[in-house]
Structure formats: C-alpha cells, structure tokens
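1. Build the 3D model from these lines:
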Amino acid sequence: MSRVLLFGGFAPSLILFRAPLLRALVEAGHEVIAAAPDEDPRVPEAMESMGVRWYPINFERNRVQPARDLLFVRRIRRMLRELKPDRLLCYTIKPNIYGGWAAQAEGVPSAAMVTGLGTVFMNHGWRRTVAIRMFRRACRHHDHVFFQNTDDRDDMINAGVVEDSSRIVMTAGSGVDLDLFPMRPLPDKPSFLMLARLLQAKGVREFLEAAAMVKAECPDAEIRLGGMEDPGSGGVPMTEITAAERAGAIEYIGHLDDVHQALDACSVYVLPSWHEGTPRSVLEAMATGRAIITTDARGCRETVEDGVNGLLVPLRSPADLGQAMISLAADSNRRAAMAQASRRRAEEVFDAREVARVMMKALSL
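-> Next up, the predicted model:
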C-alpha cells in the first residue's frame with residue numbers, strides 16, 4: 001500500500017469536498033495524510049475520525065507574493081522530506097503550482113486537481129500570462145491532471161498548460177455523498193434557495209433582480225439567499241442584500257455551516273453563477289431531490305439536463321432567470337418531476353464514490 005499526501009489550499013475543504021476521497025483511500029488500505037492551512041478547529045478531529053493524519057501547513061492562499069511564495073516552496077519541500085509520501089495529490093491553484101515544483105525537486109510523483117479556474121486564469125492580462133507559465137512548469141511534472149469540466153480542460157490545453165493530453169483525466173466534479181444528502185420530500189409551495197459567497201461572479205445581483213420579478217408575479221413564493229459576505233474585490237455589499245430584504249424580495253439567512261435544513265425547505269435550487277468547476281451546492285441540492293435553475297456556463301451546464309432535472313438560463317440575464325423561476329413556481333408537477341430526475345442524475349453521474357474510484361484507478365492506488 002502507498003503513503004498518499006493530499007495537499008489543498010483551504011482546510012475546511014478537506015471536510016466539505018474531499019472526505020469521500022479520503023475515506024476511499026483509507027478503506028483501500030493506504031496511509032493517508034492531509035495538509036492545508038490550519039484555518040478550522042474542526043478539521044483535525046474530522047481527519048482523525050477518518051483515520052487520516054493531519055499536517056497543518058500555513059501559507060497565504062489568495063495573494064501572489066513572489067518572495068514569500070519561494071519560501072513556501074521550500075516549506076513544501078521540507079514537508080515532503082519529513083512525510084516521505086509515495087504520491088502527492090494537490091488541489092487549488094497554489095498547491096497545484098508550488099506542490100508540483102516541490103515534488104519535482106524532491107522526486108515525488110504528483111498529480112493536480114483543477115476544481116475550477118479562478119479569476120487569475122479567467123481574466124486576460126499579465127497575471128494570467130505569469131500564472132499559465134507557472135502552472136505549465138508544474139504540469140510537466142504532474143503525471144495526471146484532473147479536470148471537472150471540458151471548458152477548463154480545453155482552455156488549459158489551448159494555453160499550453162498541459163502539453164501532454166494523455167495526462168488528463170475527467171471527473172464528475174468532486175461528486176456528492178449520496179448517503180449524507182438523501183432524497184427529501186418537497187415542500188408544497190414554491191420555495192427558491194441560493195447558497196453562495198456574496199460575489200458578483202456567483203450571480204447574486206441577478207438573483208436579487210429576478211427575486212423581485214418573481215415576488216411581483218407570485219407573491220406566495222418563498223425566496224431565500226444564504227452565504228457569507230465577501231469584502232474583497234467583486235463582493236456584493238451587504239447594503240444591497242438588506243435593501244432587497246426590506247423590499248420583500250428575499251429572505252437573507254446568512255452563512256450556514258449545515259445546509260440540510262435550508263435544502264429541505266426549498267423546492268428549487270438556484271445558482272446563476274458566471275463560472276464554476278462543478279458547483280458542490282448544486283450537486284447537494286440534486287442529491288436531495290430538487291429542481292435546479294443555473295446558467296449555461298462552464299461547470300454549471302454539466303449539472304443540468306435542460307428541461308429534465310432543471311432549467312439552464314443565459315449568463316448574466318436577470319430577466320431570463322426570473323422567467324425560469326416564475327415558470328417553476330406555477331407548476332408543482334414539473335417541480336416534482338424535476339426533483340426525481342435530479343436525484344437520478346446525482347446517482348448516475350455524480351456519486352462521490354465513483355469519482356474517488358476513477359481517480360484512484362488513474363493513479364494506480
């Protein structure tokens with residue numbers, strides 16, 4: 001059996017996104033170590049409960065700081081020398097880049113998981129050029145690069161980041177734990193839910209505008225928005241959220257550590273995002289058995305078979321989003337049919353156990 005080191009950029013994501021993969025690796029008999037910035041006191045306990053060794057490694061995950069980042073590479077190399085993994089598996093941008101560099105220097109086989117292209121890759125300019133060059137260097141060492149949607153894959157091939165396409169493996173996102181998110185009964189009345197960081201790129205403003213349209217047409221509809229305020233660039237100010245709430249368009253339910261109750265209370269899940277890897281919140285809503293409305297955009301369109309388990313709407317179009325919501329608000333039978341189709345799609349395409357199996361097979365684990 002192998003010693004596998006999973007290295008990410010955000011400690012809670014080990015619980016939220018990677019738990020099925022970690023459990024599958026442990027169940028297969030591998031010695032598993034997880035490393036990430038120690039930002040959540042729940043993580044060490046969760047890792048211990050899964051039989052995973054926890055190794056906190058701190059770094060600034062959002063900002064590019066060349067001098068500090070070079071020191072970060074040295075820190076990763078020390079981690080690799082200390083832990084002596086047989087295989088390094090990285091995810092998020094800094095671990096994917098600097099983990100690949102360090103693994104090459106230490107002679108450790110490595111792979112990268114691309115769980116979505118961040119703004120540095122989506123916006124043209126010198127930062128994108130630098131990031132592409134850095135990631136290309138890392139991918140020359142990574143023996144596998146996992147992508148969650150074909151748009152991200154094609155962009156990275158066209159940019160020359162992945163020079164050997166035989167190293168590419170596609171997965172159905174990170175998958176969803178079908179046992180943790182079982183099928184749940186639908187509420188009788190139309191009830192819409194969006195859960196996301198309060199960012200422009202998540203489509204929050206489109207959701208607020210669409211909500212006002214829906215309430216004017218269907219005043220009995222319930223429309224809830226949950227998520228954490230993001231004070232950085234691209235954040236939607238809380239003043240806009242509270243103004244929509246005062247106008248009666250939405251109910252703001254804040255940041256949720258546990259989304260089950262909110263999903264139980266909705267009949268339609270909405271995510272008008274501009275781009276994703278594969279949105280976890282949509283997969284959880286599908287597993288719970290909810291109709292989905294999302295955008296015909298990278299990462300989002302993969303989750304919905306338009307007209308079957310939900311509706312795809314054009315990007316950045318509050319009017320089209322509002323009309324899609326109104327159409328489902330008026331048709332309880334259609335909501336119920338889409339709910340059943342969402343659960344089937346979650347089972348057939350997005351089962352996290354199958355995602356883990358695909359990855360482990362590719363890596364010979």
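2. domain parsing for the protein?
-> Using automatic domain parsing, the domain parsing of the chain gives 3-175+352-362, 191-349.
3. Now mean neighbour count, distance to residue 185 and mean pLDDT too, for these, in JSON lines please.
-> Backbone N, C-alpha and C define where each C-beta goes, glycine included. Formatted as JSON lines, the entries for the domains of the chain read as follows, by neighbours: other CB atoms under 10 Å; distance: least, CB to CB, whole Å; pLDDT from 0 to 100:
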{"stretch": "domain 3-175+352-362", "mean neighbour count": "18", "distance to residue 185": "23", "mean pLDDT": "91"}
{"stretch": "domain 191-349", "mean neighbour count": "20", "distance to residue 185": "8", "mean pLDDT": "96"}
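4. what would those look like in CSV with distance to residue 181?
-> Output for those, formatted as CSV (distance: least, CB to CB, whole Å):
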stretch, distance to residue 181
domain 3-175+352-362, 10
domain 191-349, 4
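5. With only the CA atoms kept, save stretch 212-219 in CSV.
-> Output in CSV follows, covering the C-alpha atoms of stretch 212-219 (Å, rounded to 0.1, in the frame of the first residue of the first chain):
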residue,chain,number,x,y,z
ALA,A,212,-38.2,41.0,-7.3
MET,A,213,-39.8,39.8,-10.5
VAL,A,214,-40.9,36.6,-9.0
LYS,A,215,-42.5,38.2,-5.9
ALA,A,216,-44.4,40.6,-8.1
GLU,A,217,-45.8,37.7,-10.1
CYS,A,218,-46.0,35.0,-7.4
PRO,A,219,-46.3,36.8,-4.0
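6. List of residues touching that stretch?
-> For stretch 212-219, the external contacting residues (CB atoms under 8 Å, 6 or more residues apart in numbering) are 190, 192, 221, 223, 244, 247-249, 318-319, 322-323, 325-326, 329-330.
7. and these, which of them are in helices?
-> Secondary structure from DSSP state H places 244, 318, 319, 322, 323, 325, 326, 329 of the contacts of stretch 212-219 in helices.
8. of all these, which two lie farthest apart?
-> Largest separation among those by CB to CB: 244 and 323, giving 18.6 Å.
9. just to revisit the earlier point, ok, of the contacts of stretch 212-219, which one's closest to residue 230?
-> Minimum distance to residue 230 across these is 16.8 Å, recorded for residue 244 (CB to CB).
10. wait, isn't residue 274 in contact with residue 315?
-> Yes. Contact status for residue 274 versus residue 315: in contact at 6.2 Å, counting by CB atoms under 8 Å.
11. which residues are in contact with both of these two?
-> With contacts taken as CB under 8 Å, 6+ apart, residue 274 and residue 315 have 295, 297 as neighbours in common.
12. In a markdown table: the ones in helices among the contacts of stretch 212-219, plus distance to residue 129.
-> Formatted as a markdown table, the entries for the ones in helices among the contacts of stretch 212-219 read as follows, by distance: CB to CB, whole Å:
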| residue | distance to residue 129 |
| --- | --- |
| 244 | 39 |
| 318 | 34 |
| 319 | 36 |
| 322 | 39 |
| 323 | 40 |
| 325 | 40 |
| 326 | 44 |
| 329 | 46 |
